[in-house]
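Visitor: Dropping a prediction and its sequence here:
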Amino acid sequence: MDAAILSFVAQYSSTLDTVFEALTDPTRRAVIRRLGGGPASVGELASEFTMALPSFLRHIRALEGSGLIRTRKTGRVRLCTLEHDRLAVVDGWLAEQRAIWESRTDRLEQHLREAKDD
């Protein structure tokens, strides 16, 4: 594996683990998808689900703990905002994975062309 890739993976390994763990739940993915359209209150987000508010708040805390969202309280309303920087770490990792696999398929294609020519 390329040294730059190893360095990236080592540097962001725990961040990636935390983010991917948070994204394993479909409710949390739905919240992330919704916050992609802009900030929303916990009440607005919770209204889209058929679960009790305390259960929904566990999802919010997990997303906040992973760094995927940020919450701030204004009066009695808790507003949730998507943390784009945290998603950028995942995007960087996925770009590295994409580059690895594209390189491998390019090498395979080249090998097959050479084998066909022989």
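Guide: Yep, it's here.

Visitor: Check which residues of stretch 79-98 are buried.
Guide: 80, 82, 83, 86, 87, 89, 90, 93, 96 (16 or more other Cβ atoms under 10 Å). (Glycine included, C-beta is placed from N, CA and C.)

Visitor: Mind putting these into CSV with pLDDT, distance to residue 69 and secondary structure?
Guide: CSV is the format used below for those (pLDDT from 0 to 100; distance: Cβ to Cβ, whole Å; DSSP: H, G, I helix; E, B strand; the rest coil):
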residue, pLDDT, distance to residue 69, secondary structure
80, 97, 5, strand
82, 97, 6, strand
83, 95, 6, coil
86, 90, 9, helix
87, 87, 10, helix
89, 85, 14, helix
90, 86, 14, helix
93, 85, 19, helix
96, 85, 24, helix
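
Visitor: Quick check: phi and psi at residue 74.
Guide: phi -120, psi 110 (degrees, to the nearest 10).

Visitor: ok, how many other residues are close to it?
Guide: Residue 74: 8 surrounding residues under other Cβ atoms under 10 Å.

Visitor: Quickly list what it is bridged to.
Guide: Residue 74 forms beta bridges with residue 77, as assigned by DSSP bridges.

Visitor: any idea how far residue 98 is from it?
Guide: As judged by Cβ to Cβ, to the nearest Å, residue 74 and residue 98 stand 40 Å apart.
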